[in-house]
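**Student:** no FASTA, just this:
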């Protein structure tokens, strides 16, 4: 059995203490340094008065993807600016996937692009996130 990567260990620790992501039903599909893929199903209690998913649902999935991808380097990172464009509405039962990819990384700032698709692989939302990279490590005793 292979040892877990730093990225996987960080995300596991984050997810295990992330009650909101767990409540949303987010599944971790893949974690790599600077990237991750998450999936969740739209439930009835996630719908708004138009019987479509509340915009905060896709935003929350993307925000979790941003958090996991940006922290996967082993340094604690927090969002400082985010934005989302909703391109297709979602209904109960839709299965959505968020793919977070690192666009730019410096010592203090990281920029990430998150694309959310539905079960038909149709883009339903586009999210951009900027994070501040602190000087704190997730596992300080292992820091170089």
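**Tutor:** That came in fine, so what should we check first? Fair warning: this is a prediction, and the values are worked out from it, not measured in the lab.
**Student:** ok, and the closest non-adjacent residue to residue 10?
**Tutor:** Leaving aside its chain neighbours, residue 10 sits nearest to residue 138 (4.8 Å; criterion: C-beta to C-beta, 6 or more residues apart in numbering). In short, each C-beta sits where N, CA and C put it, glycine included.
**Student:** for the protein, give me the ranges with low pLDDT.
**Tutor:** The model of the chain has pLDDT under 70 over residues 1-2, 143-144.
**Student:** longest helix in it, by residue count?
**Tutor:** For the chain, the longest helix by residue count, based on DSSP state H, is helix 55-71.
**Student:** how about whichever helix or strand comes after it: buried residues?
**Tutor:** Counting by DSSP states H and E, the element after helix 55-71 in chain order, helix or strand, is strand 75-86. For strand 75-86, the buried set under the neighbour-count rule, 16 or more other C-beta atoms under 10 Å, comprises 75, 76, 77, 82, 84, 86.
**Student:** and the residues you listed, which is closest to residue 127?
**Tutor:** Closest approach to residue 127 among the buried residues of strand 75-86 (C-beta to C-beta): residue 84, at 4.6 Å.
**Student:** the nearest residue to the closest one once chain neighbours are set aside: neighbour count?
**Tutor:** Distances taken as C-beta to C-beta, 6+ apart put residue 127 closest to residue 84, at 4.6 Å, once the chain neighbours are dropped. Residue 127 is flanked by 23 other residues according to other C-beta atoms under 10 Å.
**Student:** tell me the strands beside whichever helix or strand residue 127 is part of, with direction?
**Tutor:** Using DSSP H and E, residue 127 sits in strand 123-137. Strand pairing for strand 123-137, determined by DSSP bridges: strand 75-86 (antiparallel), strand 109-117 (antiparallel).
**Student:** of all those strands, which one is nearest residue 94?
**Tutor:** The nearest among these, by C-beta to C-beta, is strand 109-117 at 10.2 Å.
**Student:** right, I'll call it a day here.
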